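S.K.: sequence? don't have it. structure:
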């Protein structure tokens with residue numbers, strides 16, 4: 001796998017008011033199952049430091065083909081059904097990962 005085949009999706013999502021904790025719980029359950037799929041490399045859920053209803057879901061996939069296959073699957077629809085009910089809005093972008101630079105741990 002070269003760096004240029006890896007893709008990263010960034011999904012900006014805003015939950016409905018009062019749904020934040022359930023959203024986080026449901027996302028974690030779905031993410032743990034998605035993590036077992038071939039091609040899924042990593043998933044992160046991050047919350048906006050100033051707006052507790054705004055999240056980013058960031059996922060890395062080995063290549064676009066596997067991401068797209070998952071995106072069209074009934075498996076995806078089943079896993080994310082509840083999450084869709086808890087959100088107010090969502091916008092997804094997909095990027096090719098060109099370079100990654102890791103920080104050295106402090107001495």
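M.R.: Received the coordinates, thanks. Just so it is clear, the model here is predicted, and its values are computed rather than measured.

S.K.: packing partners for the one helix or strand residue 29 maps to?
M.R.: Per DSSP states H and E, residue 29 falls inside helix 20-34. In terms of contacts (3 or more Cβ pairs under 8 Å, 6 or more residues apart in numbering; DSSP states H and E), helix 20-34 is packed against strand 40-47, strand 54-61, helix 74-86. Using the backbone N, CA and C atoms, a C-beta is placed for each residue, glycine as well.

S.K.: so the helix or strand just after the last one versus helix 20-34, what angle?
M.R.: It stands for helix 74-86. Once the chain leaves helix 74-86, the next helix or strand it forms, by DSSP H and E, is strand 87-96. If you take axes from the mean of the first three to the mean of the last three Cα atoms, to 10 degrees, strand 87-96 sits at 40 degrees to helix 20-34.

S.K.: List the neighbouring strands of strand 87-96 plus their orientation.
M.R.: strand 7-15 (antiparallel) (DSSP bridges).

S.K.: and the partner strand, which residues are buried?
M.R.: 7, 8, 9, 11, 13, 14, 15 (16 or more other Cβ atoms under 10 Å).

S.K.: so which of the helices and strands packed on helix 20-34 comes closest to residue 19?
M.R.: helix 74-86 (4.3 Å; Cβ to Cβ).

S.K.: so what pLDDT did residue 79 get?
M.R.: The score at residue 79 is 85. That number is its pLDDT.

S.K.: wait, isn't it in contact with residue 28?
M.R.: No - assessed by Cβ atoms under 8 Å, residue 79 is found out of contact with residue 28, at 11.6 Å.

S.K.: Have a look at these two and say which one is more surrounded.
M.R.: residue 79 (18 against 11; other Cβ atoms under 10 Å).

S.K.: Run through the residues that contact the more buried one.
M.R.: 30, 33, 34 (Cβ atoms under 8 Å, 6 or more residues apart in numbering).

S.K.: Among those, which one lies nearest to residue 24?
M.R.: Closest to residue 24, out of all of the contacts of residue 79 and judged by Cβ to Cβ, is residue 30, at 11.0 Å.
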